[in-house]
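Visitor: next one to model:
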Amino acid sequence: MVITAFVREWHDDEGWGVLDSTETPGGCWAHRSNATVRGYATFTAGQKVELEFEAAGQDGYAFRAFRFRPADGE
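Guide: Predicted structure coming up:
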């Protein structure tokens with residue numbers, strides 16, 4: 001299931017960030033390698049994304065993104 005989320009923070013130098021949605025309380029850990037974008041994946045705080053996630057502990061977060069992309073489809 002694809003849900004809407006927002007980027008809470010993104011560490012471009014390390015390639016990971018945290019996405020927030022009502023379905024992922026406490027945040028969802030996301031890594032650049034799981035972003036379905038052309039070229040180099042980078043995101044900004046507040047950016048709207050489409051997210052598919054799993055319940056899996058990752059770096060202190062209860063959820064992990066296995067696929068995500070900008071909500072505008074770019």
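
Visitor: show me where this structure has strands.
Guide: 3-11, 16-20, 28-31, 48-58, 61-70 (DSSP state E).

Visitor: so which of these is nearest residue 39?
Guide: Minimum separation from residue 39 across the strands of the chain (CB to CB) falls at strand 61-70, 12.2 Å. Any C-beta I mention is one placed from the backbone N, CA and C, and that applies to glycine too.

Visitor: ok and that closest one relative to strand 3-11, angle-wise?
Guide: Relative orientation of strand 61-70 and strand 3-11, computed by axes from the mean of the first three to the mean of the last three CA atoms, to 10 degrees: 100 degrees.

Visitor: show me what strand 61-70 is in contact with.
Guide: Strand 61-70 is contacted from outside by 5, 18-19, 24-31, 34-37, 43, 47-58, using CB atoms under 8 Å, 6 or more residues apart in numbering.

Visitor: which positions within that strand qualify as buried?
Guide: Judged by neighbour count using 16 or more other CB atoms under 10 Å, the buried positions of strand 61-70 are 61, 63, 64, 65, 68, 69, 70.
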